[in-house]
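In: Mind folding the following:
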Amino acid sequence: MILSDRDIKAAIVEGKITISPTPNYDEQLGPCSLDLHLGNTMKVFKTTPYPYLDLKREINFEELMDEVQVSEGGPFILQPGAFALAVTKEEFTLPEDIMGRLDGRSSLGRLGIVVHSTAARFDPGWSGKAVMELGNLGPSPVILYEGMRICALTFETLTSPAEESYSKNDKRKYNHQKNPQASKINKEFRG
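Out: Here you go, the predicted model:
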């Protein structure tokens, strides 16, 4: 079941869901979601010496990306066809019986901005800043600003608490992230 606005507020007030900084409900709360803001750290791909990315190859994908820091309220230009990883300003922690789902805002989608192309689910027990996969499918560059509302987070209750939440499994690759991290998928191919 998806939490309503009143259930979201109650879960945050009770400390069941933690979000920092504390949300401005007048600005961020929708009927069944909470808007999150664009953080100040992005990662973009640099020119690579590889003709393709082989997921079985021992490549440090972090080395293929540049980190970009944006000042408070500062611009980040997303060119047509470009891809960037970005974090939300907010950090949140989910309990073992609630999952989160991140969606882009339709106002940005109407400009060709894809805020989350995959991996929109945040498992119960997850903690950290959400990393978004930003893409520009439109014909023009779009300037995004640090601190703007960028996405909406919905919360869904599980039928029972997860036996092994995200934070309790050592194999989880992205728990407690504060900055965007490059893909770690090639670690899955190592014994």
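In: Could you identify the helix or strand that succeeds the top helix by length along the chain?
Out: Criterion DSSP state H: the longest helix present in the chain is helix 5-13. Following the chain from helix 5-13 toward its C-terminal end, the next helix or strand by DSSP states H and E is strand 18-20.
In: Give the other helices and strands that whichever helix or strand comes after that following strand contacts.
Out: Next in sequence after strand 18-20, counting helices and strands by DSSP H and E, comes helix 25-28. When contacts are defined as 3 or more CB pairs under 8 Å, 6 or more residues apart in numbering; DSSP states H and E, helix 25-28 packs onto strand 34-45. Backbone N, C-alpha and C define where each C-beta goes, glycine included.
In: Show the backbone phi and psi for the closest residue to G104 other than its chain neighbours.
Out: Nearest-residue entry for G104: V115, 2.9 Å, with adjacent residues in sequence omitted and distances by CB to CB, 6 or more residues apart in numbering. Per-residue torsions, V115: phi -90, psi -30 (degrees, to the nearest 10).
In: and V115, how many residues sit next to it?
Out: 21 (other CB atoms under 10 Å).
In: Kindly report the same for Q79.
Out: Neighbour tally, Q79, other CB under 10 Å: 12.
In: what's the answer for the one 3 residues further on, then?
Out: The local packing of A82 (other CB under 10 Å) involves 15 other residues.
In: Next, it: phi, psi?
Out: Recorded main-chain torsions at A82 are phi -80, psi 160, according to degrees, to the nearest 10.
In: picking up where we left off before, what's near enough to touch the residue nearest to G104?
Out: Neighbour list for V115: 102-105, 108-109, 132-134, 150-151 [criterion: CB atoms under 8 Å, 6 or more residues apart in numbering].
In: related to what we said a few turns ago, now what about the longest helix of the chain, what contacts it?
Out: So helix 5-13 is contacted by 3, 17-19, 22-23, 25, 29-34, 98, 155 (CB under 8 Å, 6+ apart).
In: which strand residues sit across from F92 in the sheet?
Out: For F92, the beta-bridge partners are I19, G128 (DSSP bridges).
In: Quick check: PyMOL command selecting the buried ones in the contacts of helix 5-13.
Out: To isolate the buried members of the contacts of helix 5-13 in PyMOL, using 16 or more other CB atoms under 10 Å:
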select buried, resi 3+17+19+23+29+33+34+98+155
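In: Cool, thanks, talk later.
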